[in-house]
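**Student:** any chance you could fold what I've pasted below:
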Amino acid sequence: MATKVVDLRSDTVTKPSEAMRAAMAAADVDDDVLGADPTACRFEAEMARIMGKEAALFVPSGTMANLISVLAHCDARGSEVILGDDSHVHVYEHGGISTLGGVHPRTVPNNPDGTMDVDRIVAAIRSTDGALYYPTTRLICLENTHGK
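**Tutor:** The predicted model follows:
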């Protein structure tokens, strides 16, 4: 039975232990942008293996990961994403999806537990009949970390 909870929602929630800090300080590192960091490469390979994927990409923050995920699915400027009005992507990420990606957020009210009503999500999806006038809905973001 676990005696300590590790909360991985944010790098500001669980602080690294002295052993973790020592491991980071002793890690074999190089330029990860050029794909030469052996520690990052091993980590990405292991995550891809665990998840049964062809490859994985390590990014330094959840905000960056969320932005990359939205932009991967909304690859045309003017795309629309449906998300909760209390969601992390909408409230706490400084409008990155619209500022950097030209992605229009369309909010649906979050329930007190963080979920969204399916009927409201469906009602928010834009019809392709209005393609000349409205953003095209390309993504629905569902989060599990901001629920109360």
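**Student:** excluding sequence neighbours, find me the nearest residue to the residue positioned nearest the centre of the chain.
**Tutor:** When C-alpha atoms, centre = their mean is applied to the chain, the residue found nearest the centroid is Asn66 (2.3 Å). The shortest distance from Asn66 to any non-neighbouring residue, by C-beta to C-beta, 6 or more residues apart in numbering, is to Val89 (5.2 Å). Every residue, glycine included, has its C-beta placed from N, CA and C.
**Student:** next one: Leu71
**Tutor:** Nearest to Leu71 is Gly101, by C-beta to C-beta, 6+ apart, at 4.6 Å.
**Student:** wait, the one you found sits on Ala76?
**Tutor:** No: using C-beta atoms under 8 Å, Gly101 makes no contact with Ala76, being 9.7 Å away.
**Student:** more neighbours: which of those two?
**Tutor:** Gly101 (20 against 11; other C-beta atoms under 10 Å).
**Student:** tell me who's in contact with the more buried one.
**Tutor:** Leu67, Val70, Leu71, Cys74, Arg77, Ser79 (C-beta atoms under 8 Å, 6 or more residues apart in numbering).
**Student:** repeat that for 7 Å
**Tutor:** Val70, Leu71, Cys74 (C-beta atoms under 7 Å, 6 or more residues apart in numbering).
**Student:** so which of those is the most crowded?
**Tutor:** Neighbour max across the contacts of Gly101 (other C-beta under 10 Å) = Val70, 24 neighbours.
**Student:** so that one sits in a helix?
**Tutor:** Yes: looking at Val70 with DSSP: H, G, I helix; E, B strand; the rest coil, it is inside a helix.
**Student:** neighbours of the nearest residue to Asp31 once chain neighbours are set aside, how many?
**Tutor:** Once flanking residues are discounted, Asp31 sits nearest to Asp37: 6.4 Å by C-beta to C-beta, 6+ apart. Neighbour count for Asp37, taken as other C-beta under 10 Å: 18.
**Student:** next, Asp37: phi, psi?
**Tutor:** Main-chain dihedrals, Asp37, degrees, to the nearest 10: phi -80, psi 110.
**Student:** surely it is in contact with Ala27?
**Tutor:** No: counting by C-beta atoms under 7 Å, Asp37 does not reach Ala27; the two are 8.9 Å apart.
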